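1. Sequence and predicted structure, then a few things I'm wondering about:
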Amino acid sequence: NAGVTQTPKFQVLKTGQSMTLQCAQDMNHEYMSWYRQDPGMGLRLIHYSVGAGITDQGEVPNGYNVSRSTTEDFPLRLLSAAPSQTSVYFCASSYSRQGAMNTEAFFGQGTRLTVV
Amino acid sequence: GENVEQHPSTLSVQEGDSAVIKCTYSDSASNYFPWYKQELGKGPQLIIDIRSNVGEKKDQRIAVTLNKTAKHFSLHITETQPEDSAVYFCAASDNNNDMRFGAGTRLTVKP
């Protein structure tokens, strides 16, 4: 049971480039989310999905797109990378939305992204 | 929306001592308060959580207390060990909103 798998682990982009961060979970979780972690700011929600075909914006969605075509996969796309997007990105999944069912969120190991 | 504040940002203790991390939240509708531990190079991992109908919960050396009236909750680690060194995050959520995290506390346990 792999849990939540993120790829790549490290990435360097030039300003203006685009890329997709991959996230896959094998726990049949309905709820998946993307966070960014910046020093002194904790984890901030970028986008989330309550099930296949359904996505919504979180606290800091600008500059990012997501899609959820299957239960297992939830990729995060950077359309035109900016230095302000330099961060560590975490994907998480849980059985349901955290508040509604109060269930544990499982996190991937993170992607460290640097935009130069 | 919910705002979670966490203190202190860094905490250094001697092995065997206790460590306490405190969080406050703003939304009185919040009813779920998890604590996550993040080790270097890894993603956060749930270590304990508490719901609003409970005032205290213990799991071996870890305990969490919740004061709904004052809107604050705390993590207590007793008999600290070097492997407790990590970054700890508190969070809060309710039935209609997603989790909001505190800024984190870097705990160092000196042998």
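-> In hand now; what should we look at? Residues are numbered from 1 along each chain as shown, chains lettered A, B, ... in the order given.
2. Spell out which parts of chain B neighbour chain A.
-> Contacts of chain B with chain A, taken as Cβ under 8 Å from any Cβ of the partner chain, map to B:1, B:4, B:6, B:9, B:30-32, B:34, B:36, B:41-46, B:49, B:51, B:89, B:91, B:93-104. Backbone N, C-alpha and C define where each C-beta goes, glycine included.
3. try 6 Å this time
-> B:32, B:42-44, B:46, B:93-95, B:97-99, B:101-104 (Cβ under 6 Å from any Cβ of the partner chain).
4. tell me the least confident of those residues?
-> pLDDT across the residues of chain B next to chain A is lowest for B:Asn97, at 69.
5. quick one: contacts of the lowest-mean-pLDDT helix or strand in chain B?
-> Every helix and strand in chain B was compared by mean pLDDT, DSSP states H and E; the lowest is strand B:100-101, with a mean of 92. Defining contact as Cβ atoms under 6 Å, 6 or more residues apart in numbering or on different chains, one finds that strand B:100-101 is touched by A:42-43, B:2, B:4, B:89, B:91-92.
6. cool, and stretch B:55-67?
-> Defining contact as Cβ under 6 Å, 6+ apart, one finds that stretch B:55-67 is touched by B:48, B:50, B:73-79.
7. Among the residues of chain B next to chain A, which lie within strands?
-> Applying DSSP state E to the residues of chain B next to chain A, the entries found in strands are B:32, B:46, B:101.
8. Can you select the buried ones among those for me in ChimeraX?
-> What follows is the ChimeraX syntax selecting those of these that are buried according to 16 or more other Cβ atoms under 10 Å in any protein chain shown:
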select /B:32,46,101
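9. Make a markdown table out of the ones in strands among the residues of chain B next to chain A and add distance to A:Val50.
-> Formatted as a markdown table, those follow (distance: Cβ to Cβ, whole Å):
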| residue | distance to A:Val50 |
| --- | --- |
| B:Tyr32 | 16 |
| B:Leu46 | 20 |
| B:Phe101 | 19 |
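10. if we can go back for a sec, show me the two of the residues of chain B next to chain A that sit farthest apart.
-> Spatial extent of the residues of chain B next to chain A (Cβ to Cβ) is set by the pair B:Lys42 and B:Asn95 at 29.4 Å.
11. Kindly provide the distance from whichever residue of chain B sits closest to chain A to B:Lys110.
-> Closest to chain A within chain B is B:Gly43: 3.2 Å, counting by Cβ to the nearest Cβ. Distance, B:Gly43 to B:Lys110, by Cβ to Cβ, to the nearest Å: 26 Å.
12. With that, I have no additional questions.
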